[in-house]
Structures are given as structure tokens and as C-alpha cells.
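> quick one: sequence and predicted model below, then my questions.
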Amino acid sequence: MSLDAAQLRDRTKEFLTAHPPASTSREDFLSARFDAGLAWVHYPEGLGGLDAPRALQAVVEAELTAAGAPDNNPRRNGIGLGMAAPTILRYGTEEQKQRFLKPLWVGEEVWCQLFSEPGAGSDLAALGTRAVRDGDTWVVNGQKVWTSNAHNARFAILVTRTDPDVPKHKGMTYFVCDMTDPGVEVRPLRQITGEAEFNEVFLSDVRIPDAHRLGEVGDGWRVAQTTLNNERVSIGGMRVPREGGLVGIVAKTWRERPELRTQDLHQRLVKLWVEAEVARLTSERLRQQLVAGHPGPEGAGMKLGFARLNQEISGLEVELLGEEGLLYDDWTLRRPEIVDFAGRDAGYRYLRAKGNSIEGGTSEILLNIVAERVLGLPSEPRTDKDVAWKDLAR
Amino acid sequence: MTTTTTTNTEPDLLYSEEEEALRSAVRDLLSDHCDATEVLARVDTDAPHDRELWKNLAETMGLAGLLVPEDKGGQGASHREAAVVLEELGRAVAPVPYLTSAVIATEALLACEGDEAATVLAALASGRSIGVLTVPLSAAPGQDFRDVREQGGALTGRVTGVADAGAADVFLVPTASGLFAVDAGAEGVTVEPQVSLDRTRPLAAVTFAGAAGRKLTDSAATAVRRALRAGAGMLVSEQLGLADWLLTETVRYTKERNQFNRPVGSFQSLKHRLAQLWLETVNSRAAARNAADALAANSEDADIAVAVAQAYAAPVAVHAAEEALQLHGGIGMTWEHPIHLYLKRAKADSIALGTAGRHREELAELVDLRAP
């Protein structure tokens, strides 16, 4: 029998009595919270959870927030919490779960994701980073790209090519990579915003113990699906207030600076305001479905809508600002720790939003996913399914 | 009449089990009694309304009285349930006066007090009488109506573009001196059908030449505003139903239709358009549920919820119909295929009860995004 909301609330209160946030250090508090199973309640006991329904996490968070408890700074380790952890939970050995999950959750070890390559973006399964077995270790060579947080990360989830002689989906293997290994070189990748939010990661004779393999040899594609499905699930968990996104920034400018208004901008602004409000309602509807235990297919489309809206709204904002829209705050190469699409100035927001329809699955790939998995339309004829990876065009 | 408003903290955007049960009951009725071939044949006659379907829906199932409290002769349900009925009627482009009688005229009467209004309301709620508010279908909430004058209880004037007037038993007529009820068969009342773009919701011109009216309320403007706001908010669910049917049928067709030795639905250029349409339909559903919930709760947010939903969903239904026609290729252009019924309804709906542009203008005021 799993816990109900009332029992979980009581447990959280007892925990707070035993570990008062005011007189407990942040590290001790988070460590004790993990051990008490209040980190992610839907995880198993002993691994930060209590085997409780996932929706009840909200009960714990509400109690902790009310008590002024410190959090694990989830935005600093989004890849770890959102993608690495569920994959380790699903495919990891007992030793791997014990070793990795706690330091990941408390924020002691940040994670990054070594998936995309210069030659494998939307077609991730074409990746070519080679891992060759050498006794109890694997020797890895290749290049990864678009790796956020690589410069802060202690570990990475890594997908490699272990058998080039079979079709691409069948010859991949999934590993945990220690980013402190001497063969790992992280170089900042500067984007159109001037920032280097991402990195290129070069892997040269990196030695990974077989004990750090996740899943079977050759089963890397299936393991990666778990990671990628979790990437899409992580959207839509929270209630968003009206004007909560980029549209709120433009609306504020519009209200405060009547001298900038034109008829054309007015038409476009109100239209976008409506679309942003409707997108918010759709994500609220999705949230209500999740809480009710009937997740709908709507999640697959949310990112598509937000990407286009962010781009149009931020484009409108630059235009609305007129002469000011011609300026940019700072082109200095920086390495931000947390990415905020709504941060900095209008020019930054406009440029950064261009990535929204590329990162985490391009809009074109997401449209295919909706068409094939939600609407059940047939896939395009494929020429790559039965061909050995080494014989693919590249 | 005074109404209490509630602060809308968390709208319920889902369908309850009871609402889903209602949906299946209505869908069953429509699939038995309102298939596309029948609707096509019917609109080509001079009796475009399906009286038998209306009797089943309104009287037998009791759906005409959903918005009317039980002590006034109705079912005591809400806009949430009426919205589900309208989704299904939209999916079938059913030629019945549900929106006009069971929503718009009913809401106007709910804004009135007194015995006369109560009698007409109970008759409408029972489904035995069809009521129509004599304003053009294109009228938006907040518009003023002075086409008909009243003098000593006699009404004179002409209103064009009145939806479902040909099926009405009673007209609700706004004038400067109040809202009046006039029997459709009374002396001095003439109804001339107009050739309408959407023949499943036909329009007519209604002329009053000294017709006898019974006063329902002094404040016609309040009653009409309430009626049109509810009408606009409920029309969104009909538009959602249209889009939903069009998307479903087009997906089905493109899976089955082969060209170049493969289903045309496997081409990305078509798949992406259908996925885009799905996204718009999903958004319309959230907007429609939000509007229905806000109207049901009489929330402070109802004006905004209705304007947002109309501004968004009206063009989506038209887009769905236009895409459906194109993606069906030649067959979609034929008279025998029902797509044109949906296209005509969707296009007419996009003008009905205020265009999207008009709702955006209203919204700009409501949310303080004022024009230059």
C-alpha cells in the first residue's frame, strides 16, 4: 500500500521537526531529506523515495516551501534530475543506483548529456562516437556537441557506437562517463547570442569501466529512448499564471510606453497575447490530466507551440522598442550557469528564442512525432533501417 | 436581474464522467439520425431544419433545458454540459436550433423577471417551443439594436440575417423600450428565408408590422448582452466539434488514399500540416473548456475567457475546413462529399456572434492592451 497525501504530509512535518531548516546546514538538510525518501517520492525506498504516487510530490514541496526549507537548486542540474536519474533508475545496476542517485539529487554532482554530434542531430541514431572494448574497460573516441553544463558537470550520460557492422539502431551502447577523465576535453561553443551556454566535448581514448555501462551492449538506443521521453515529460508540471512567459514582458512595455504603439503592432500583439493565453490553458489542461492520472497526448505538441510563440513574441518586442531595438546589451563571451529565455534584453531574447525550435527535438521532428504517434499517420519510406551503420551516407 | 460572480481560481478544463456519458448519448443519437447524406439531402429542400432530431434531442433527452434551473422547468445543468452537446452538434453539422433557442434565447430569458418571461422560458426549456432572439447572427456581444420600434405594445421594424428564424415559434425582440416576446404566427409578423452561405443554420429576414408584443424586461441591452456573450462562448465548442471532425476525417482519408504507391498521409508535407491542425484543435479544446467553465461559474473572468476563445477557435475551425478540403483533393470539392457543409458552417461561424478581430478589440480593452 502506498502512502496517501495525508500520511505524506505528516511525514514531511515530522521530518521538518527533526531537521529544522533554520538550524540545519543546507548540505545536511538535503542529505537527510534524500534519506527520508522525500527527495522524489515516486522513487523506491532507499533511493530518495517512498514508492508513492508521483503526483504527491507536490504535497511534500508545499510543506517544505512553507517551512522555508532549502531546495536542491534543480535548475542547476536539470539534465541530471530530469534525464540521467530516470534512466539510471530504469536501467542501472544496484551499485550504479547507490553510487549516482544521491549525489545527483543533492546537487553535489552535476550531470550533462553527451548525445548530439556534428554528424548526428535529428538523426541521433546515426551517431559515430566509437567505443571499443578492452577487457573490463571501453575506449571511447569521438566528438559531441550542444552539451549544456559540460563545464560544470562531474558525470555525463553518453551514447556510443559499439558495432558499426549492424544497422544503426542496433549497434549502440549507453554509458556513464566521468567528465574528469583525462581524455575528456570541453570547449565552449559560442552561440549567436554571444554567450557560450553550450560546449563541444572531444573524447580521446577516454577509458570507461564496463561497470559504468547502462543497459546491455547494443541496447543503447532503447536506453536513450527512456532519457529522451523524460526530456519531453518534464514540460508541463507547473501552473503558469496569465502573462507568465515572454508575452508578459512585451505587455508591460506596451502599457508603460504608449509612445511606442502603432496600429500594426497592436494587431499583432493582441493576436499573440491570445495565442499565449491559449497555450497556457492547454498546458494547464495537460497538468490537470496528469494530476487526474490520465496523461493525454497533448504534451507532445506543447513545445512546438511555445517555440513558435517565443520566436514571434520576442521578434515583436525588438520591433516595438524601435531605436532601442537596434542595441544589444553585451556581446562578451559568457558562460551562464542557468539559462533564462526571459533574461537579459530584448535582443538576447529574440536571438535565444531561435534555438527553441531546434533544441530538444526540432519542430520538424516533433511534427513527425505528433503525426505518427498521435495521429497514427504512416512513416515515410526509410532507406536506413536495414543498412549497416558503416554503409550509411554521411 | 442580479447575478453573483465568483473569482475564478482554478478553472476545471477536463470533462467529467457525466459529461462524457452525455457526449456518448448525443453522439449515438446523431449517428442514428443525422448522418451526412441526410443533412446533405435536407439542406436542398425548403425545410432545412431536422424537426424529428430536434424533438429527440430537446424533448426526449431534455437537452433544451440544460441552462435552465429545475424550478424554472429546466434540467439545472450548466454551460459545461451544453458545451459538450454543441461539440457533438458541430461534429455532425446538425441542422437544429440548439445554439439559437437553447442557448441564446434561453439566456436572454434568464436575464428577465416576471411571469411572461417565466412562461416562455419554461416552454423553451421543455423543447416544445423554439425561441429566437431577433438580432443578426453576425451581432457581437455589446452591440446595440434599434431595428424594431415599440409603440403601445405594437412592434414595427425589420431585422435581417436572423438565424433559425424559419423554425421559431416565438421571437424575442429587443427595442429601445425593452425586450418583447412575439409569437411567430401572430398577425403582422413575416419571415422571409434568405439564401444563406450555411444552409444548416439558415438565415431569414423578420418583419414586424404592428405585431403585438408582450414585454419581458425593460432592459433589453442587458438581456441581449448576456445572451450574446453566452452564445459566443458556447459557439466555441461547436467550432471545436467542427475542427475535431474535419481533422479526424482527413487523417482517416490520407491514411487510405494511395498515390505514388504509398498512402498520401506518409508524405511529410501533409503530415506536418495535419500535426499543426491537431495542435490548433488541442488548443481550441482548452480555450473552449475554459470559456464553458467560466460561464458556468459566472466567473469574473468570463468576458476574457469568451473573447480569448472566440478569437482563437473561430479561425481554427475555418483553417481545419480549408485544410480538409485541400487534403482530400478533388473529392473534397464535390457536392456529394460533406466537407463543404463543414466549410460553410465554419466560415459562417467565424462571422457569427462577432468576428475574431472584433473579439480581439474587446479583449484589448479588457486586459489593458490599448490601441495607439
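Ah, there it is.

> tell me what the residue nearest to residue B:124 when sequence neighbours are not counted is bridged to.
Nearest non-adjacent residue to residue B:124, counting by CB to CB, 6 or more residues apart in numbering or on different chains: residue B:131, 4.7 Å away. Using the backbone N, CA and C atoms, a C-beta is placed for each residue, glycine as well. Taking DSSP bridges as the rule, residue B:131 bridges to residue B:170.

> who are the neighbours in contact with residue B:131?
B:100-101, B:105-106, B:109, B:120, B:123-124, B:168-172 (CB atoms under 8 Å, 6 or more residues apart in numbering or on different chains).

> one more time with 10 Å
B:64, B:97, B:100-102, B:104-106, B:108-109, B:120-121, B:123-124, B:164, B:168-172, B:181, B:184 (CB atoms under 10 Å, 6 or more residues apart in numbering or on different chains).

> what does residue B:326 give?
By CB under 10 Å, 6+ apart, the neighbours of residue B:326 are B:250, B:270, B:273, B:332-333, B:339.

> now do 6 Å
For residue B:326, no contacting residues are found, by CB atoms under 6 Å, 6 or more residues apart in numbering or on different chains.

> thinking again about what came up before, report the separation between the residue nearest to residue B:124 and residue B:141.
Distance of residue B:131 to residue B:141, given as CB to CB, to the nearest Å: 19 Å.

> likewise for residue A:257?
31 Å.

> show me which of these two is the more surrounded one.
Taking other CB atoms under 10 Å in any protein chain shown, residue A:257 and residue B:141 do not tie; residue B:141 has more neighbours (23 against 13).

> confirm that one sits in a strand?
No - read with DSSP: H, G, I helix; E, B strand; the rest coil, residue B:141 is coil and lies in no strand.

> and the pLDDT for it?
Model confidence at residue B:141, given as pLDDT, is 93.

> any idea how far it lies from chain A?
16 Å (CB to the nearest CB, to the nearest Å).

> any idea which helix is longest in chain A?
Counting by DSSP state H, the longest helix found in chain A is helix A:263-291.

> is that one anywhere near chain B?
Yes - using CB under 6 Å from any CB of the partner chain, we find that helix A:263-291 touches chain B at A:266, A:270, A:274, A:277-278, A:281-282, A:285, A:288.

> from the residues you listed, which single one is nearest residue A:322?
Using CB to CB, residue A:266 comes nearest to residue A:322 of those, at 14.5 Å.

> grab the nearest non-local neighbour of residue A:327.
residue A:347 (7.0 Å).

> which strand or helix spans the one you found?
helix A:346-353 (DSSP states H and E).

> the helix or strand following that helix near chain B anywhere?
With elements assigned by DSSP H and E, the helix or strand that comes after helix A:346-353 is helix A:363-369. Yes - against chain B, helix A:363-369 shows contacts by CB under 6 Å from any CB at residue A:367.

> buried sites along helix A:363-369?
By 16 or more other CB atoms under 10 Å in any protein chain shown, the buried positions in helix A:363-369 come out as A:363, A:366-369.

> near chain B, which residues of chain A? Just list them.
A:254, A:261-262, A:266, A:270, A:274, A:277-278, A:281-282, A:285, A:288, A:298, A:301, A:367, A:370-371, A:375, A:377-378, A:380.

> ranges for the helices of the stretch 51-200 of chain A?
A:57-66, A:78-79, A:85-91, A:94-106 (DSSP state H, counting those that start in this stretch).

> where in chain A is the helix or strand with the lowest mean pLDDT?
When the helices and strands of chain A are scored by mean pLDDT, DSSP states H and E, helix A:220-233 comes last with a mean of 83.

> between helix A:263-291 and it, find me the angle.
120 degrees (axes from the mean of the first three to the mean of the last three CA atoms, to 10 degrees).

> what residues sit buried inside the longest helix along chain B?
Assignment by DSSP H gives helix B:220-256 as the longest helix of chain B. The neighbour-count check on helix B:220-256 (16+ other CB under 10 Å) flags B:220-221, B:223-247, B:249-251, B:253-255 as buried.

> C-terminal to it, what's the next element?
strand B:258-259.

> tell me the first helix or strand C-terminal of that following strand.
strand B:262-263.

> what pairs with that following strand, parallel or antiparallel?
Going by DSSP bridges, the partners of strand B:262-263 are strand B:258-259 (antiparallel).

> in the stretch 51-200 of chain A, what residue comes closest to chain B?
Closest contact between the stretch 51-200 of chain A and chain B, by CB to the nearest CB, is at residue A:122 (12.3 Å).

> mind checking how far that residue is from residue A:357?
Distance from residue A:122 to residue A:357, by CB to CB: 12 Å.

> neighbour count winner among these two?
Between residue A:122 and residue A:357, residue A:357 has the larger neighbour count (other CB under 10 Å), namely 19 against 12.

> test my guess that that one contacts residue A:363.
Yes - with contact defined as CB atoms under 6 Å, residue A:357 counts as touching residue A:363 (4.3 Å).

> give me the common contacts of the two.
residue A:307.

> and stretch B:81-91, how far out from the chain's middle?
9 Å (CA atoms, centre = their mean, to the nearest Å).

> can you list contacts of that stretch?
Contacts for stretch B:81-91 (CB under 6 Å, 6+ apart): B:19, B:22-23, B:26-27, B:63, B:66-67, B:98, B:234, B:237-238, B:240-242, B:245, B:292.

> now with 8 Å, please.
B:15, B:18-19, B:22-23, B:26-27, B:30, B:57, B:63, B:66-67, B:96, B:98-99, B:102-103, B:234-242, B:244-245, B:288-289, B:291-292, B:345.

> tell me the mean pLDDT over it?
In the prediction, stretch B:81-91 has an average pLDDT of 98.

> number of residues surrounding residue A:386?
Neighbours of residue A:386 (other CB under 10 Å): 7.

> output the below-cut-off pLDDT ranges for chain A.
The model of chain A has pLDDT under 70 over residues A:1, A:231-238.

> now do the strands in it.
With DSSP state E, the ranges of strands along chain A come out as A:111-114, A:130-134, A:137-144, A:155-161, A:172-178, A:184-189, A:198-209, A:213-214.

> residue B:169 is in contact with residue B:130, correct?
Yes - using CB atoms under 8 Å, residue B:130 is in contact with residue B:169, at 5.1 Å.

> between the two, who's got more neighbours?
Neighbour count, other CB under 10 Å: between residue B:130 and residue B:169, residue B:130 has more, with 27 against 16.

> the lowest-mean-pLDDT helix or strand in chain B vs helix B:220-256, what angle?
Counting by mean pLDDT, DSSP H and E, chain B has its least confident helix or strand at helix B:36-43, which shows a mean of 92. Interaxial angle, helix B:36-43 versus helix B:220-256 (the same axes, to 10 degrees): 130 degrees.

> buried members of the residues of chain A next to chain B into ChimeraX, please.
In ChimeraX, this line selects whichever of the residues of chain A next to chain B come out buried by 16+ other CB under 10 Å:
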select /A:254,261,266,270,274,277,278,281,282,285,288,298,301,367,370,371,375,377,378
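
> in the chain, which residue sits furthest out from the middle?
As the question left the chain open, I've gone with chain A. Outermost residue of chain A with respect to the C-alpha centroid, by CA atoms, centre = their mean, is residue A:259; its distance is 40.0 Å.

> chain B, not that one
residue B:261 (42.7 Å).

> ranges for the helices of chain B?
Going by DSSP H, chain B shows helices at B:17-33, B:36-43, B:51-54, B:79-91, B:106-110, B:115-126, B:220-256, B:268-296, B:302-328, B:339-351, B:356-366.
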